[in-house]
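A.B. asks: no sequence on hand, only this structure:
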């Protein structure tokens, strides 16, 4: 058996795991990479496997970082079934075409710029049509029922409690007269969320015995998004949200909330309805400015059978979060543009949740510079995203090629996350079977994975495996052989694209060079000024810069990577303009 990690390994996006047994090849998730430009570059290359040879795809849930490359997979030759829950299938029917539309719009905008500079035009990863065509491959699979993919391999879904329709996946594979169990956590939900039941967990997945009474080999592949954090304000998130909204209302500006169209937007409607009904916040016009969020909200309204009891009672009492008198659904581009004229007093919820794409970027562009505006982030912000820069304290950001000052108040809540925190992850692992033969930690940034790995070793005596992107594990006779890529994937992309920005500069976008120079212990290079610099030293530095620049231009020309060339020149130009103003 072989298990390869082609996404969400030592990072939190691009979930994609290839499992090969004796006669079956399946993919668990096929997600899109999000975050920095280098990370996004992984979406454009060829798959590290042949899509034609896959027997099936099993999808844990609808979020784009788990489902976003499915249309590309089909475009490149996959023709088999994609197993998912009913709710996931419905959500993907609107999410994937929306993703295709965003890509088409982004490419159109970039190609306008390229055509003015004689740079070759680019194509989207996939189109709306590709995404619509992908829907015919989806096959419904119910919770807690075994589904056979081949004679030797089957799986079942267990409610993950993350978003509507999310699931853990338990795969059973027969090989050499033994049965191996591989449990994929997908994204593990947190307790106390609106609408959905608390996570069931995978009860004793690694304690199952075969007919002879012997426990078969068991492996758990587990997410660690919040492996180093405990949600600090989870118990009083409603009160915190009310406080921020009231403060923002007093200032008079707009409240801008970047939110994922699926689940997070609907959660916010739930909380806002309760706060309004309890008279804890003023009744303000609420705008959902996202065709995807509007469509997803309607899907929520149609799929109530798996809602928790509290939500069912609200619906029966006529207190639906989806039917507030002050709720306005903005679907067309004209609707969205009209919102730019609102000077204050409105709540605007728009996608994407990390402010990385979509209409939210326009609303931030029109409101970040306002001192009376408030921006509320209610979820995880991956490294390299606009949301991460803002929550890290950036004083200026670039949106659609324009510099925008950050004068608005930026508020970040972790208590609204749909991911389990550290304590909940430990509880989930204990229930799933802390005596697993092998535990593999994925879907987390390095600090989160390492912290959780240490805890697991202390509490369960298991030394987890932490695979890197592109790594494969060969499993035979209870032993694992690790096959790492010859060169780290991201390093390979960095070399192809040129020199990346220094890590410490990316980590502290709000700090000046002078501030960064004076700090020690950051883990990266420091930039110290000497008291006196000679002209000869400046000349040597200039000569080195010219050589480095020529090398970069030659590399880019060889690879015809003209877009990277232009972006780099523009960045250098912006830096020089800033320095000349000093």
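C.D. replies: All right, it came through fine. Since this is a predicted model, take the numbers as computed values, not measurements.
A.B. asks: what residues are up against residue 342?
C.D. replies: 254, 348 (CB atoms under 8 Å, 6 or more residues apart in numbering). For glycine as for every other residue, the C-beta is placed from the backbone atoms N, C-alpha and C.
A.B. asks: and it, that one's in a strand?
C.D. replies: No: using DSSP: H, G, I helix; E, B strand; the rest coil, the secondary structure at residue 342 is coil, not a strand.
A.B. asks: can you give the domain ranges for this protein?
C.D. replies: Using automatic domain parsing, the domain parsing of the chain gives 2-229+418-489, 237-412, 501-529, 537-582.
A.B. asks: check those domains for me: which has the lowest mean pLDDT.
C.D. replies: Across these, domain 501-529 has the smallest mean pLDDT, namely a mean of 34.
A.B. asks: do I have it right that residue 12 meets residue 446?
C.D. replies: No: Residue 12 lies out of contact with residue 446 (CB atoms under 8 Å); the separation is 10.7 Å.
A.B. asks: higher neighbour count, the two?
C.D. replies: Neighbour comparison, residue 12 and residue 446: the larger count goes to residue 12, with 27 against 11 (by other CB atoms under 10 Å).
A.B. asks: ok so the more buried one is a helix residue?
C.D. replies: No: using three-state DSSP, the assignment for residue 12 is coil, not a helix.
A.B. asks: can you tell me the SS state at residue 57?
C.D. replies: Per three-state DSSP, residue 57 ends up strand.
A.B. asks: list the contacts of residue 171.
C.D. replies: By CB under 8 Å, 6+ apart, residue 171 lies in contact with 19, 26, 28, 58, 153-155, 181-184.
A.B. asks: could you dump the residues you listed to a markdown table with distance to residue 330, neighbour count and secondary structure?
C.D. replies: Formatted as a markdown table, those follow (distance: CB to CB, whole Å; neighbours: other CB atoms under 10 Å; DSSP: H, G, I helix; E, B strand; the rest coil):
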| residue | distance to residue 330 | neighbour count | secondary structure |
| --- | --- | --- | --- |
| 19 | 42 | 23 | strand |
| 26 | 40 | 23 | strand |
| 28 | 35 | 24 | strand |
| 58 | 35 | 25 | strand |
| 153 | 45 | 24 | strand |
| 154 | 44 | 17 | strand |
| 155 | 39 | 24 | strand |
| 181 | 47 | 22 | strand |
| 182 | 43 | 26 | strand |
| 183 | 41 | 22 | strand |
| 184 | 37 | 27 | strand |
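A.B. asks: nearest to residue 542 among the residues you listed?
C.D. replies: residue 28 (51.9 Å; CB to CB).
A.B. asks: hmm, residue 126 is touching residue 76, no?
C.D. replies: No: contact criterion CB under 8 Å: residue 126 and residue 76 do not qualify, at 9.7 Å.
A.B. asks: what about the two, which has more around it?
C.D. replies: Legend: neighbour count by other CB under 10 Å for residue 126 and residue 76, higher for residue 126 (26 against 14).
A.B. asks: burial check on residue 49, number of neighbours?
C.D. replies: Residue 49 - counted by other CB under 10 Å - has 16 other residues nearby.
A.B. asks: ok so it is a strand residue?
C.D. replies: No: counting by three-state DSSP, residue 49 is not found in a strand; it is coil.
A.B. asks: which residues in the stretch 101-250 of the chain form helices?
C.D. replies: With DSSP state H, counting those that start in this stretch as the criterion, the stretch 101-250 of the chain has helices at 128-134, 237-251.
A.B. asks: as a markdown table, the ones you listed with distance to residue 286 would be great.
C.D. replies: Putting the helices of the stretch 101-250 of the chain into a markdown table (distance: least, CB to CB, whole Å) gives the following:
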| stretch | distance to residue 286 |
| --- | --- |
| helix 128-134 | 28 |
| helix 237-251 | 11 |
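A.B. asks: with mean neighbour count as added columns, please give those helices in CSV.
C.D. replies: Output for the helices of the stretch 101-250 of the chain, formatted as CSV (neighbours: other CB atoms under 10 Å):
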stretch, mean neighbour count
helix 128-134, 18
helix 237-251, 17
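A.B. asks: quick check: which of the ones you listed is nearest to residue 407?
C.D. replies: helix 237-251 (11.6 Å).
A.B. asks: tell me who's in contact with the spatially closest residue to residue 32 that is not a sequence neighbour.
C.D. replies: The shortest distance from residue 32 to any non-neighbouring residue, by CB to CB, 6 or more residues apart in numbering, is to residue 68 (2.9 Å). For residue 68, the contacting residues are 30-32, 43, 96, 99, by CB under 8 Å, 6+ apart.
A.B. asks: tell me which helix or strand residue 88 sits in.
C.D. replies: helix 86-116 (DSSP states H and E).
A.B. asks: mind listing the strands for the stretch 301-450 of the chain?
C.D. replies: Under the criterion DSSP state E, counting those that start in this stretch, the stretch 301-450 of the chain carries strands at the ranges 327-330, 347-350, 374-377, 396-399, 402-405, 409-412, 438-442.
A.B. asks: just name the most buried of those strands.
C.D. replies: Greatest average neighbour count among these goes to strand 347-350 (a mean of 26), per mean count of other CB atoms under 10 Å.
A.B. asks: give me the contacts around it.
C.D. replies: Counting by CB under 8 Å, 6+ apart, 245, 254-259, 265, 268, 272, 284-290, 293, 339, 342, 358-360, 363 sit against strand 347-350.
A.B. asks: mind listing the strands it pairs with, and their directions?
C.D. replies: Partners of strand 347-350 in the sheet, by DSSP bridges, are strand 255-258 (parallel), strand 286-289 (parallel).
A.B. asks: so how far is the last one from its chain's centroid?
C.D. replies: Computed by CA atoms, centre = their mean, to the nearest Å, the separation of strand 286-289 from the middle of its chain amounts to 22 Å.
A.B. asks: what of the first one?
C.D. replies: Counting by CA atoms, centre = their mean, strand 255-258 is centred 18 Å from the centre of its parent chain.
A.B. asks: now swap in stretch 136-150 and tell me
C.D. replies: On CA atoms, centre = their mean, the centre of stretch 136-150 falls 25 Å from that of its chain.
A.B. asks: end-to-end on that stretch?
C.D. replies: 20 Å (CA to CA, to the nearest Å).
A.B. asks: and the gap between residue 5 and residue 322?
C.D. replies: Using CB to CB, to the nearest Å, residue 5 is found at 38 Å from residue 322.
A.B. asks: so can I have JSON lines of the contacts of residue 171 showing distance to residue 229?
C.D. replies: Formatted as JSON lines, the contacts of residue 171 follow (distance: CB to CB, whole Å):
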{"residue": "19", "distance to residue 229": "30"}
{"residue": "26", "distance to residue 229": "32"}
{"residue": "28", "distance to residue 229": "25"}
{"residue": "58", "distance to residue 229": "28"}
{"residue": "153", "distance to residue 229": "36"}
{"residue": "154", "distance to residue 229": "35"}
{"residue": "155", "distance to residue 229": "30"}
{"residue": "181", "distance to residue 229": "29"}
{"residue": "182", "distance to residue 229": "27"}
{"residue": "183", "distance to residue 229": "23"}
{"residue": "184", "distance to residue 229": "22"}
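A.B. asks: let me know the closest of those to residue 202.
C.D. replies: Out of these, the member with the shortest distance to residue 202 (by CB to CB) is residue 183, at 5.4 Å.
A.B. asks: quick check, that closest one in contact with residue 220.
C.D. replies: Yes: with contact defined as CB under 8 Å, residue 183 counts as touching residue 220 (4.8 Å).
A.B. asks: now residue 115: closest residue in space that isn't a chain neighbour?
C.D. replies: That would be residue 121: by CB to CB, 6+ apart, it lies 6.9 Å from residue 115.
A.B. asks: count of neighbours near that neighbour?
C.D. replies: Quick note: residue 121 (other CB under 10 Å) scores 11 neighbours.
A.B. asks: then the one 3 residues further on?
C.D. replies: For residue 124, the neighbour count with other CB under 10 Å is 20.
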